[in-house]
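Q: Model the following, please.
(2 chains)
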Amino acid sequence: MDGIHDLGGRQGFGEIRYAPGAPAFHAAWEKRVNALYGMAVRRGIFNMDEYRHAIERMPPRHYLSASYYERSLTSLATLFVEKGLVTREELERLAQGAFPLSEPSAPGRSNLPDREKFQPGDRVRVKNDFCAGHVRMPGYIRGKPGVVVNESPRYPFPDAHAHGVEAADEPTYDVAFRTEDLWPNSADKALVHVGVFQSYLAREV
Amino acid sequence: MDQEHSRPSRTASVERRVAAIESVFEERGMEPKPFVEAMTHTAEEEWVPRNGARVVTKAWTDPAFRARLFANGKSAVGELGLTMPPHHRHLVALENTPAVHNVIVCTLCSCTAFTIIGLPPDWYKDLDYRARAVRESRTVLREMGLDLPPEIEIRVWDTTADTRYMVLPVQPPETIGWPEEKLIDIVTKESMIGVARL
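A: Reported below is the predicted structural model:
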């Protein structure tokens, strides 16, 4: 989905709040959230793609204002409600107040039909492809050309795995994009490497 | 309006929401408390940047290990007793050189090789770094105190799949010949993300 989470290349953001050596956690509840979602994954209640997608489905206003671990918490609670472990009413009774959750999911999809095998050095282009469900193609590479650098092991296809849809595992290709192609005349010169699932790629002719 | 289905108007505090979901784990017989304790201990004591620092210093001092690290990162770090979660199927070590600088980001969320370089810091998970690192890499690095000469090429790695990355920093020349135990102390989490050079 073209959600608010898809931030790469968005403008208007500010200075990085850089603090070398800062601790990962600041409050005790953050540690509990981190552990509880890990426990749910380990018990097979949901997988990492479902978890990530439930964060992406947060209403944009909430996503932007929530802290990192509040986003974790919202995903965890949303998936517990969607999987029938608890109702929203029960959660709100327990919390003694409103418990904001994520928006419902659109359907997922299986692997795209015309997958090709690429070699390092192959010129490729990211398909001009749109999907309302979970997808791991950042919007800034859509339709853009790049060069294959490497191939990864096969992974569950996120577009399917986040939705309980059957799909074959597929590799990602490490594709190098030039910022001149991604944002012509409007970016610092660099190569941006993205792990792109095979389904998202077409051979550049 | 049915009273039963009316929603509370005030949002519960985040602590109350966490307590609510934790009590659901309890009601379901999942005994979250010991797990939370164990997991927090693991996150704070075992997923530390010192793990990655061991990998870096080994790669600096042992050319055969360095070659194995580039060939198969996950199995190479396994030689040092370091593990990665099952869904992290691949670890790629990115070699900084005098001519090339690598830096890692996750524009879509916060993916990191957290068992190796430690849990991601706040600034890495913040919207600003995620939005800007891919498009304004040189500017962002300069703002963070790393002013790279223009002849150094920047490569940004966006962690969009479950392949994980770590940067292998350039060894400072004055440390060549130091013992591994001493080298470990100079390798920072920031240098393994690629926002600092040593």
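Q: from here on, contacts and neighbour counts on C-alpha atoms
A: OK.
Q: show me where chain B has strands.
A: Listed in chain order, the strands found in chain B under DSSP state E are B:90-95, B:100-105, B:153-158, B:163-168.
Q: likewise chain A?
A: With DSSP E applied, chain A shows strands at A:123-126, A:145-155, A:170-178, A:191-197, A:201-203, listed in chain order.
Q: Can you say which of those strands is packed in most?
A: The highest mean neighbour count among the strands of chain A belongs to strand A:191-197 (a mean of 26), with neighbours defined as mean count of other CA atoms under 10 Å in any protein chain shown.
Q: packing partners for it?
A: Using 3 or more CA pairs under 8 Å, 6 or more residues apart in numbering or on different chains; DSSP states H and E as the contact test, the elements touching strand A:191-197 are strand A:170-178, strand B:153-158.
Q: Figure out which of the strands of chain B is closest to residue A:190.
A: Ranking those by their distance to residue A:190 (criterion: CA to CA) puts strand B:153-158 first, at 5.0 Å.
Q: could you give the angle of that closest one to strand B:163-168?
A: Compare the direction of strand B:153-158 with that of strand B:163-168 by axes from the mean of the first three to the mean of the last three CA atoms, to 10 degrees and you get 150 degrees.
Q: Now tell me what touches strand B:153-158 from outside.
A: A:189-195, B:99-107, B:133-134, B:137-138, B:165 (CA atoms under 8 Å, 6 or more residues apart in numbering or on different chains).
Q: Please name the nearest non-neighbouring residue to residue A:103.
A: Counting by CA to CA, 6 or more residues apart in numbering or on different chains, the nearest residue to residue A:103 once its immediate chain neighbours are dropped is residue A:57, at 5.3 Å.
Q: Kindly apply the preceding question to residue B:25 instead.
A: On the basis of CA to CA, 6+ apart, the spatially nearest residue to residue B:25 that is not a chain neighbour turns out to be residue B:32, at 6.2 Å.
Q: wait, residue B:24 sits on residue A:86?
A: Yes. At 7.1 Å, residue B:24 and residue A:86 qualify as touching, with contact defined as CA atoms under 8 Å.
Q: follow-up on the earlier one: mind giving me JSON lines with the strands of chain A and columns for mean pLDDT?
A: Formatted as JSON lines, the entries for the strands of chain A read as follows, by pLDDT from 0 to 100:
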{"stretch": "strand A:123-126", "mean pLDDT": "98"}
{"stretch": "strand A:145-155", "mean pLDDT": "97"}
{"stretch": "strand A:170-178", "mean pLDDT": "98"}
{"stretch": "strand A:191-197", "mean pLDDT": "98"}
{"stretch": "strand A:201-203", "mean pLDDT": "98"}
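Q: what's the spacing between residue B:21 and residue A:77?
A: Counting by CA to CA, to the nearest Å, the separation of residue B:21 from residue A:77 is 7 Å.
Q: Comparing the two, which residue is more hemmed in?
A: A count of neighbours by other CA atoms under 10 Å in any protein chain shown puts residue A:77 above the other of residue B:21 and residue A:77, at 29 against 23.
Q: Now do the same contact list for the more buried one.
A: If you count contacts by CA under 8 Å, 6+ apart, residue A:77 has them with A:101, B:21.
Q: tell me the domain ranges of chain B?
A: Following automatic domain parsing, one gets these domains for chain B: B:3-45, B:48-193.
Q: Need the winner for burial among those.
A: Greatest average neighbour count among the domains of chain B goes to domain B:48-193 (a mean of 19), per mean count of other CA under 10 Å.
Q: Show the average pLDDT along it.
A: If you average the pLDDT over domain B:48-193, you get 97.
Q: can you give me how far that domain is from the chain middle?
A: Taking CA atoms, centre = their mean, to the nearest Å, one finds domain B:48-193 lying 8 Å from the centre of the chain it belongs to.
Q: So for residue A:17, which of the strands of chain A sits nearest?
A: Residue A:17 lies closest, by CA to CA, to one member of the strands of chain A: strand A:191-197, at 22.5 Å.
Q: now what about that closest one, what contacts it?
A: Identification of contacts with strand A:191-197 by CA under 8 Å, 6+ apart yields A:136-137, A:157, A:170-179, B:134, B:154-161, B:163.
Q: How much space separates the residue sitting nearest the centre point of chain B from residue A:189?
A: Most central in chain B under CA atoms, centre = their mean is residue B:112, positioned 3.8 Å from the mean C-alpha point. Summarising the geometry, the distance separating residue B:112 from residue A:189, computed by CA to CA, is 24 Å.
Q: With residue B:167 instead?
A: If you measure residue B:167 against residue A:189 using CA to CA, the figure is 20 Å.
Q: which ones are touching residue A:161?
A: Taking CA under 8 Å, 6+ apart as the criterion, residue A:161 is in contact with A:47, A:49, A:50, A:167.
Q: Most neighbours among these, please name it.
A: In terms of neighbours by other CA under 10 Å, the contacts of residue A:161 top out with residue A:50 at 23 neighbours.
Q: Model confidence for that residue, exactly?
A: The predicted local confidence for residue A:50 is 98.
Q: these two touch, right, it and residue A:163?
A: Yes. With contacts defined as CA under 8 Å, residue A:50 counts as touching residue A:163 at a distance of 6.8 Å.
Q: Residue B:115 reaches residue B:86, doesn't it?
A: No. Applying CA under 8 Å as the test, residue B:115 and residue B:86 come out as separate, 11.5 Å apart.
Q: Walk me through the domains of chain A.
A: For chain A, the structural domains run A:1-105, A:123-203, going by automatic domain parsing.
Q: So which of those domains is the most surrounded?
A: Mean neighbour counts were taken over the domains of chain A using mean count of other CA under 10 Å, and the top value, a mean of 20, falls to domain A:123-203.
Q: That domain: end-to-end distance?
A: Using CA to CA, one end of domain A:123-203 lies 6 Å from the other.
Q: Could you report the separation of residue B:111 from chain A?
A: From residue B:111 across to chain A, the span is 10 Å (CA to the nearest CA, to the nearest Å).
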